[in-house]
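Participant: Whatever this is, show me its structure:
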Amino acid sequence: QVQLVESGGGSVQAGGSLRLSCARSGAFCYNYVMSWYRQAPEKEREFVSSIDRDGSTSYADSVKGRFTISRDNAKNLVYLHMDSLKPEDTAMYYCKTLCLASSGSWLTTWGQGTQVTVSS
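Facilitator: Got it, this is the predicted structure:
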């Protein structure tokens with residue numbers, strides 16, 4: 001089993017910054033992909049960014065150049081640094097991991113989410 005706990009959400013004005021954190025615990029992951037998704041009210045959950053164990057990253061077009069994902073393998077932490085925030089970034093942000101466990105199976109786990117609200 002893998003557990004994820006997000007933190008760092010809050011309310012900011014447009015143009016501001018926030019840093020989200022996702023702490024992974026539980027089963028050791030021989031390989032992994034950590035991702036951030038978000039879901040605004042009455043909208044589908046959408047991909048924001050991902051990073052793998054080797055540091056390869058991916059971003060949604062809507063956040064490229066504004067958001068930066070990073071990780072600390074020693075601490076099992078993943079961060080999402082968000083700059084130049086816009087009201088349309090307002091959403092619940094979820095951390096997700098794909099973890100290759102010792103069983104050889106890939107485990108999918110979601111965190112509970114952290115709210116980001118950007119006011120104009």
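
Participant: For the protein, list the residue farthest from the centre, please.
Facilitator: Here the chain reaches farthest from its C-alpha mean at Ser103, the gap being 25.2 Å by CA atoms, centre = their mean.

Participant: where does it land in three-state SS?
Facilitator: Put simply, Ser103 is coil when judged by DSSP: H, G, I helix; E, B strand; the rest coil.

Participant: Give me the local confidence score for it.
Facilitator: pLDDT for Ser103: 89.

Participant: Distance check, it against Arg24.
Facilitator: 17 Å (CB to CB, to the nearest Å). Where you see a C-beta, it was placed from the backbone N, CA and C, and this is true even at glycine.

Participant: Figure out the helix or strand that the residue positioned nearest the centre of the chain lives in.
Facilitator: Residue closest to the mean C-alpha point of the chain, counted by CA atoms, centre = their mean, is Trp36 at 2.7 Å. When elements are assigned from DSSP states H and E, Trp36 belongs to strand 31-39.

Participant: Give me the contacts around that strand.
Facilitator: Residues from elsewhere that reach strand 31-39 (CB atoms under 8 Å, 6 or more residues apart in numbering): 20, 22, 24, 45-53, 69, 71, 78, 80, 89, 91-100, 113, 116.

Participant: quick revisit: and for the residue nearest to the residue nearest to the centre of the chain when sequence neighbours are not counted, the neighbour number?
Facilitator: In this structure, Trp36 finds its nearest non-sequential neighbour in Val48, 4.3 Å apart by CB to CB, 6 or more residues apart in numbering. Residue neighbour count, defined by other CB atoms under 10 Å, stands at 23 for Val48.
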